[in-house]
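Student: sequence and predicted structure below; questions after.
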Amino acid sequence: MTEASSPAVLCLASASPRRRELLASIGVAAEVRPVDIDESPLAGERPEAYVVRLARDKAVAGGRLTTLPTLGSDTAVVCDGRILGKPADRAEAAAMLRLLSGRAHEVLTAVAVTGPAGLLDACVATRVCMRRIDEREMAAYWATGEPADKAGGYAIQGLAAIFVERIEGSHSAVVGLPLFETARLLERQGVPLWHAVGNAV
Ligand SMILES: Cc1cn([C@H]2C[C@H](O)[C@@H](COP(=O)(O)OP(=O)(O)OP(=O)(O)O)O2)c(=O)[nH]c1=O
């Protein structure tokens, strides 16, 4: 499946609609091939090593299904050294927001791309500062359905934007794909970006 009718130049090993939309926003048409990998952290694994390993595993697994360069990515919210994935239920979502309320945390997003240059990766850390969130807001937010499939139980690009005072780093990385670093990796793998294919205005 690709954006509009342009031929795919990349395989996206991801079920995340955000990642597909972010790639489309910089003009990269991708064929989407979600992969299922084991996402359990290894004993003692540091958060950055964890997201990089998952991004690489996703890229390699997806790369087996295509001849195109293949991108995998992983996002985790890190607070007090704890890795927060997607909340399993309302109670876990509330516990996550309680932890994040009124302070700063880090969002780590790793991206990996297979291709002629081998398996390349990058990892981006973004500091996110949240205002205090009260229990009524947490309950109302869970009821919107937005937190369920998001690392850390919130979406900066959605309703949770009202909780985010400021960020230091990459907005696109928090949403699921650091576009600046991704473009660099794609160029190193010979994937043609918009400026290289004569579409410049
Ligand atoms: C913190 C944050 C996360 N997220 C999303 C990005 C990711 O899609 C998701 C984290 O889960 P991931 O496991 O990184 O990705 P995924 O399961 O959605 O997709 P796949 O593994 O197939 O690539 O959380 C937001 O959309 N907004 C945010 O503000």
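Tutor: That came through fine.
Student: before we move on, which element is the residue nearest to H171 when sequence neighbours are not counted in?
Tutor: Using Cβ to Cβ, 6 or more residues apart in numbering and skipping residues adjacent in sequence, the residue nearest H171 is I156, 7.0 Å away. Glycine gets a C-beta too; all of them are placed from N, C-alpha and C. For I156, there is no host helix or strand (DSSP states H and E).
Student: report how many residues lie close to E21.
Tutor: 14 (other Cβ atoms under 10 Å).
Student: ramachandran coordinates for it?
Tutor: phi -70, psi -40 (degrees, to the nearest 10).
Student: quick one, what contacts it?
Tutor: By Cβ atoms under 8 Å, 6 or more residues apart in numbering, E21 lies in contact with nothing.
Student: quick check: residues of this protein near the ligand?
Tutor: 14-16, 18-19, 34, 73-75, 77, 107, 149-152, 154-157, 174-176 (Cβ under 6 Å from any ligand atom).
Student: among the residues you listed, which ones are in strands?
Tutor: The members of the residues of the chain next to the ligand that map onto strands under DSSP state E are 73-75, 77, 107.
Student: farthest pair in those?
Tutor: Between any two of those, the greatest separation by Cβ to Cβ is 14.6 Å, found for S73 and V77.
Student: these two: who's more crowded?
Tutor: Comparing S73 with V77 by other Cβ under 10 Å, the one with more neighbours is S73, at 28 against 24.
Student: checking the closest residue to that one other than its chain neighbours next. Helix, strand or coil?
Tutor: Distances taken as Cβ to Cβ, 6+ apart place V111 nearest to S73, at 4.6 Å, with adjacent residues excluded. The three-state assignment at V111 reads strand, by DSSP: H, G, I helix; E, B strand; the rest coil.
Student: show me the strands in the protein, by range?
Tutor: Going by DSSP E, the chain shows strands at 10-12, 30-32, 70-79, 82-84, 104-114, 120-130, 164-168.
Student: what's the closest non-adjacent residue to the most centrally placed residue in the chain?
Tutor: Residue closest to the average C-alpha location in the chain (Cα atoms, centre = their mean): G176, at 2.1 Å. Distance criterion Cβ to Cβ, 6+ apart; nearest residue to G176, sequence neighbours excluded, is R18 at 4.2 Å.
Student: neighbours of that neighbour, how many?
Tutor: R18 has 19 nearby residues by other Cβ under 10 Å.
Student: go on, V191?
Tutor: V191, neighbours per other Cβ under 10 Å, totals 20.
Student: before we move on, what about V107?
Tutor: V107: 26 neighbours (other Cβ under 10 Å).
Student: beta partners for it?
Tutor: Beta-bridge pairing for V107 (DSSP bridges): V77, T126.
Student: tilt between the top helix by length along the chain and strand 104-114?
Tutor: Across the chain, the helix with the greatest residue count (assigned by DSSP state H) is helix 47-63. Interaxial angle of helix 47-63 relative to strand 104-114 (axes from the mean of the first three to the mean of the last three Cα atoms, to 10 degrees): 30 degrees.
Student: alpha carbons of helix 47-63, in PDB - could you do that?
Tutor: C-alpha atoms of helix 47-63 as PDB (Å, rounded to 0.1, in the frame of the first residue of the first chain):
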ATOM      1  CA  PRO A  47      16.300   2.600  27.600                       C
ATOM      2  CA  GLU A  48      18.300   3.800  24.600                       C
ATOM      3  CA  ALA A  49      19.700   0.300  23.900                       C
ATOM      4  CA  TYR A  50      16.200  -1.000  24.200                       C
ATOM      5  CA  VAL A  51      14.600   1.300  21.600                       C
ATOM      6  CA  VAL A  52      17.500   0.900  19.200                       C
ATOM      7  CA  ARG A  53      17.400  -2.900  19.400                       C
ATOM      8  CA  LEU A  54      13.600  -2.900  18.700                       C
ATOM      9  CA  ALA A  55      13.900  -0.500  15.800                       C
ATOM     10  CA  ARG A  56      16.700  -2.700  14.300                       C
ATOM     11  CA  ASP A  57      14.700  -5.900  14.900                       C
ATOM     12  CA  LYS A  58      11.600  -4.400  13.200                       C
ATOM     13  CA  ALA A  59      13.700  -3.200  10.200                       C
ATOM     14  CA  VAL A  60      15.400  -6.500   9.800                       C
ATOM     15  CA  ALA A  61      12.100  -8.500  10.100                       C
ATOM     16  CA  GLY A  62      10.400  -6.200   7.600                       C
ATOM     17  CA  GLY A  63      13.400  -6.300   5.200                       C
END
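Student: please consider this matter closed, and thank you.
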